[in-house]
Structure formats: C-alpha cells, structure tokens
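Participant: Fold the stuff below for me.
(chains A and B)
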Protein chains: 2
Amino acid sequence: MKYCGNCGAPVELLIPAGDDRPRYICAACGSIHYQNPKLVVGCLAEFGDRILLCRRAIEPRLGLWTLPAGFMENGETVEEAAVRETAEEARARVEILSLFSVVSLPHIDQVYMLFRGRLQDDDFAPGHETLEACLFREEDIPWDELAFSSIAQTLDRYFKDRGKGFYQLHTLTIRRPMPRR
Amino acid sequence: MKYCGNCGAPVELLIPAGDDRPRYICAACGSIHYQNPKLVVGCLAEFGDRILLCRRAIEPRLGLWTLPAGFMENGETVEEAAVRETAEEARARVEILSLFSVVSLPHIDQVYMLFRGRLQDDDFAPGHETLEACLFREEDIPWDELAFSSIAQTLDRYFKDRGKGFYQLHTLTIRRPMPRR
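Facilitator: This is a model prediction of the structure:
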C-alpha cells in the first residue's frame, strides 16, 4: 500500500499511538489502514466413499488438484462460503456437515476453514477456475499433484479419521518462510 | 474506498471480467481491491470454575463485559492470536485447549473464533483497552452487561456444555441487518 484509500495522499508505515506494530497511516487525513489475515473457506465434499477434487485452471498451482475453496466474501457466513465455492468451482450442490480443519498459514496471512459436506448428487462439472472436477477414492487421491499443503494435510487427517470411524476438528499450523529477496 | 492504494488514482465500483460482484477497481493502474471478512480471535480462559472477563475501556460498547478477543494480525496463527489478545487485554497467560466457537456475523463482515484456554495463574490486570479484568463464576456472569451477542452466545453454549460434562465445537451465525440510512 502506497496511497490512502480514503483521500489519495501517500501513506507512511508508522506505529500509531497506543499500538505496538507499524500500520499504514495517512499523513493527510489520519486514516489508519489495518491489514489482516484472509479466510479461505472450502469443502471436503463426500459422495459415498469418494471425495470431490478440482484441477486448477488458474495460477497459482495451475494444473494441480485441490478441494473447492476460496476467499470468503463479505456478507456471507462460513458455511455459505463453503457452499458457494463448491458451486463455483465444481458446479456442485453440497450439504454442510461439520467444520473439519482450521489451518493457519502465518507466512502468507491466511487461515483455511474446510468443512465436511455431502454432495447432493453426482451432477457436477468444472467451473471457470477449474479444468476438471472428479470424485476420488482414497487409493486414487493424487497426493503428488495436490496444489496446497493445507489441502494435503486436511485430506490426510480426513482419511485417518475415516479409518478410525469418527471425525474430529483439526486445528493445524503450516509454517513455510517466504524466500528472502 | 475512494482511491487506489497502489497508485492514488480514484477507484470505481465495477464487476471485473469473470467475476460476479462489484469490486473497487482502479481505472488508472487496473488494480482490483478485494474486501474480505475479518477474523476476531479470542479466549474463554478458565481458572478453576471461573472464567476471565474484561470490561471494555474503548468503544464500541465501552463499559460492557467481553471475553478477551480482537482482530487477528498478519503473521500469526489463530492460537497465537488468542494468546496475544488475552495477554494484551488482561495481562494474563493462557494455555490454549481447543477451538470452542466459530461465529459468523455476515452483516458486519466478521468471523469470531473463540478458544477454550486455561489460565496459568491468577496474576492478571487490565490492559490498555480494559477497565477491569475479573474472574466470574457461572452464577455471577453479567449477562445483561455483555458487550457482544457473539460473546453472550459463546458463554451460553460453554456453560451448557460444561453442565453436560463435555465440550464440542459450536458453529453459529448471528444475523442482524444494519439499519438502512
């Protein structure tokens, strides 16, 4: 951020009075522009013993597989976000069952929330950001071609829980420092 | 948002190609400025049979009681955010036990995540944004003086679960339309 969204004047990175970390502050109008982590919400959609995966048609990780998930939008609930992402990326209708994983990725300022859900039918198709949408059995999951470690760890926990016969909530952290420029 | 944070030119509210909702777009440099919900993270900190509440020294809801909680910061995990907020608002050290509630507030674009935690000791004190910090037994909770419905509903579920002898995750939605201007 270089300019104030409120008045268009340049911003400076300074610690506001009473705060303990630098924020973008407008010298002209005094606006403080806080920056906070984004929520990525999605769905582990079951159809019998199979799980819905989408192959990405966009960067990052174009061509790799993921669960339907994306940035939560203003004005919706976390469950609505999971249903919407499943509809957008796989043209699929899903009933939300329960929150399955919460994954903090502090190096990229994201928190994933992935819900277990039940596909209403097997009538689905790739959305605009998806090359193909497919149902996978556990033994067919393309572990080496998954787009994100948050998705890989969630799927790993999911199949372990399923093997034990019950699902619990998993709160995970993935730390991967960005390469220094 | 009126001006582009990247170049300082005015932004317009338009639906980008391939999108389905209006975003702030810069006519000069083409930047799209997405706006997403914020995570509010905090702690239901237990000390024996008592729970730590803070009386707010700041608006909104100055003078009312809440759990220690606040906006998650970039670069931290959800658990670290809960520990930090408890330290900042009540000068208290807490060990995180488990995620207890996830509360969507779509009318104000917020998602609360509140963890159960165990206070390490009863050495606490009000932080800058707190008038007083106190431990409350269930029968002494100031239900009519709680700052936020997300906190009231979380405390209600907490004491019900405690009565049953086990804690589960609660995913809740609170809808309260803003008054139209």
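Participant: For A:Ala147, the count of nearby residues, please.
Facilitator: Applying the criterion other CB atoms under 10 Å in any protein chain shown, we find 20 residues in the vicinity of A:Ala147. Where you see a C-beta, it was placed from the backbone N, CA and C, and this is true even at glycine.
Participant: Please read the previous query as pertaining to A:Leu14.
Facilitator: A:Leu14 has 13 neighbouring residues, counting by other CB under 10 Å.
Participant: wouldn't it be in contact with A:Cys26 here?
Facilitator: No - the criterion here is CB atoms under 8 Å, and A:Leu14 misses it with A:Cys26 at 10.4 Å.
Participant: middle-most residue in chain A, spatially?
Facilitator: Ranked by distance to the mean C-alpha position of chain A (CA atoms, centre = their mean), the top residue is A:Val40 at 2.8 Å.
Participant: Quick check: which helices or strands does the lengthiest strand in chain A pack against?
Facilitator: Of all the segments of type strand in chain A, defined by DSSP state E, the longest one is strand A:94-105. Counting contacts by 3 or more CB pairs under 8 Å, 6 or more residues apart in numbering or on different chains; DSSP states H and E, strand A:94-105 packs against strand A:38-47, helix A:78-90, strand A:110-119, helix A:149-164, strand A:170-173, helix B:78-90.
Participant: how about 10 Å then?
Facilitator: The elements that strand A:94-105 packs onto, with contact taken as 3 or more CB pairs under 10 Å, 6 or more residues apart in numbering or on different chains; DSSP states H and E, are strand A:38-47, helix A:78-90, strand A:110-119, helix A:149-164, strand A:170-173, helix B:78-90, strand B:94-105, strand B:170-173.
Participant: and the residue nearest to the residue nearest to the centre of chain A when sequence neighbours are not counted, bridged to which residues?
Facilitator: Leaving aside its sequence neighbours, A:Val40 sits nearest to A:Tyr112 (CB to CB, 6 or more residues apart in numbering or on different chains; 4.7 Å). Applying DSSP bridges to A:Tyr112 yields these beta-bridge partners: A:Val40, A:Val103.
Participant: ok, A:Tyr112 - how many residues close by?
Facilitator: Count around A:Tyr112 with other CB under 10 Å applied: 23.
Participant: what's near enough to touch the residue lying farthest from the centre of chain A?
Facilitator: Residue farthest from the centre of chain A, counting by CA atoms, centre = their mean, is A:Ala28 at 36.3 Å. With contacts taken as CB atoms under 10 Å, 6 or more residues apart in numbering or on different chains, A:Ala28 has the following neighbours: A:Cys4, A:Asn6, A:Cys7, A:Gly8, A:Ala9, A:Pro10, A:Val11.
Participant: Just to be sure, it is in a strand?
Facilitator: No - A:Ala28 sits outside any strand when classified using DSSP: H, G, I helix; E, B strand; the rest coil, being coil.
Participant: And the pLDDT for A:Gly18?
Facilitator: The per-residue pLDDT reported for A:Gly18 equals 86.
Participant: Can you classify it by secondary structure?
Facilitator: Following three-state DSSP, we place A:Gly18 in the coil state.
Participant: Could I get the phi/psi values of it?
Facilitator: Dihedral pair for A:Gly18: phi 80, psi 0, per degrees, to the nearest 10.
Participant: That one and B:Glu129 touch, don't they?
Facilitator: Yes - using CB atoms under 10 Å, A:Gly18 makes contact with B:Glu129 at a distance of 8.6 Å.
Participant: shared neighbours of those two, anything?
Facilitator: The contact sets of A:Gly18 and B:Glu129 overlap at B:Ile58 (CB under 10 Å, 6+ apart).
Participant: Comparing the two, which shows the higher neighbour count?
Facilitator: Legend: neighbour count by other CB under 10 Å for A:Gly18 and B:Glu129, higher for B:Glu129 (16 against 8).
Participant: which sections of chain A are below the confidence cut-off?
Facilitator: Chain A contains residues with pLDDT under 70 at A:177-181.
Participant: who's in contact with the residue nearest to A:Val40?
Facilitator: Remark: with contacts taken as CB under 10 Å, 6+ apart, A:Tyr112 is in contact with A:38-42, A:67, A:69, A:101-105, A:148, A:150-151, A:153-154, A:172, A:174.
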